[in-house]
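Participant: let's see this in three dimensions:
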Amino acid sequence: MELKVLIVDDNDMILFLHKEVLEMSDLSQNPLIFSNGKETFDYLLQTQQSEDAFLVLLDLDMPIMNGFGLLEHLSELENSKNIYVVIVSSSVDEKDKIKSFSFSNAIDFIEKPLTISDCERLKELPFFKNN
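Facilitator: Prediction:
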């Protein structure tokens, strides 16, 4: 089983920055990039027969399908238990944090931007050590 890392954000600068941080921290050398929740869901739908695990670094505020929309749809996937979501958002609203953790796939909430120390902390989580 391989762990695939997905970055989901509609801001090109954030996508670039987060990709660089992931590579520098050695969390992922080849993260997959998506600009909204629908693109991400479509990809995960195509890979639901896979035994791979997915770490999704998810922004909340995006066009087409926002982060909460994606979280709502993840339960439809056969492999949803292999999808771990870390919200990476500029939101400082406590309601967003509470709502995020109401979804079983959400394992963490990080305020933008993602840092190397955030990545080091993520590597210590049980799901990462098992993949």
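Participant: ok, residue 80 - contacts?
Facilitator: Contact analysis of residue 80 by C-beta atoms under 8 Å, 6 or more residues apart in numbering lists 74, 104-105. Bear in mind the C-beta positions are built from the backbone N, C-alpha and C, glycine included.
Participant: again, only this time at 10 Å
Facilitator: By C-beta atoms under 10 Å, 6 or more residues apart in numbering, the contact set of residue 80 is 44, 48, 54, 73-74, 104-105.
Participant: where does the chain have its least confident helix or strand?
Facilitator: helix 126-129 (a mean of 69; mean pLDDT, DSSP states H and E).
Participant: so how far is residue 51 from residue 77?
Facilitator: Distance from residue 77 to residue 51, counting by C-beta to C-beta, to the nearest Å: 13 Å.
Participant: between those two, who's got more neighbours?
Facilitator: residue 77 (17 against 9; other C-beta atoms under 10 Å).
Participant: please report the distance of the more buried one from residue 68.
Facilitator: Distance from residue 77 to residue 68, by C-beta to C-beta: 16 Å.
Participant: quick revisit: buried subset of the contacts of residue 80?
Facilitator: Among these, those scoring as buried are 44, 54, 73-74, 105 (criterion: 16 or more other C-beta atoms under 10 Å).
Participant: out of the residues you listed, which are inside helices?
Facilitator: Mapping the buried ones among the contacts of residue 80 onto helices (DSSP state H) picks out 44, 73-74.
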